[in-house]
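*Asks:* How does the following fold in three dimensions:
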Amino acid sequence: MKPIYHYSTVSEALDELKELDFTYDYNIYQDEIIKNPAEHQVKHVYRYEGNSDPGDSAIVYGITAASGKKGVFVSGYSANTDDEAAIVLAKLCIENSDNQCRT
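*Replies:* Numbering: from 1, shown residues only. Next up is the predicted model:
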């Protein structure tokens, strides 16, 4: 299943994902994504693009783990990101485009 794309604010994205039981905070436990990327799938992608400042751009991933755990990861949206977990998630989206997201 390809993920569902949404365009909203970060707080709206987090509220919507919480309603869908995506409650685990992968920003705190991002090593789980980095060490075991094949165990995770991106189900929802929310993008927020600031009107005037590219630094306001953000992406929120709704992620499910093979264990059934559902959580979120929030990252700045930039081609120059150095956040390793965000890079892994973007790579997952590209490499597994049959059942993952495309950017």
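*Asks:* contacts and neighbour counts: CA atoms only from here.
*Replies:* Fine.
*Asks:* Below-threshold pLDDT in the protein: ranges please.
*Replies:* For the chain, the stretches flagged by pLDDT under 70 are 1-7, 50-56, 78-82, 92-103.
*Asks:* need the helices for it, in chain order.
*Replies:* Ranges of helices in the chain, per DSSP state H, are 10-19, 31-35, 84-95.
*Asks:* just the ones you listed: most buried one?
*Replies:* The highest average neighbour count among these, using mean count of other C-alpha atoms under 10 Å, belongs to helix 84-95 at a mean of 18.
*Asks:* before we move on, the earlier item: let's have the helices of the chain in JSON lines, adding distance to Asp25.
*Replies:* Shown next, in JSON lines, are the helices of the chain (distance: least, C-alpha to C-alpha, whole Å):
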{"stretch": "helix 10-19", "distance to Asp25": "10"}
{"stretch": "helix 31-35", "distance to Asp25": "11"}
{"stretch": "helix 84-95", "distance to Asp25": "12"}
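*Asks:* so which of those comes closest to Val72?
*Replies:* Proximity to Val72 (C-alpha to C-alpha) singles out helix 10-19 among the helices of the chain, at 7.7 Å.
*Asks:* which other helices and strands contact the closest one?
*Replies:* Where contact means 3 or more C-alpha pairs under 8 Å, 6 or more residues apart in numbering; DSSP states H and E, helix 10-19 is packed against strand 40-48, strand 58-65.
*Asks:* okay, the angle between it and strand 40-48?
*Replies:* In terms of direction (axes from the mean of the first three to the mean of the last three C-alpha atoms, to 10 degrees), helix 10-19 departs from strand 40-48 by 140 degrees.
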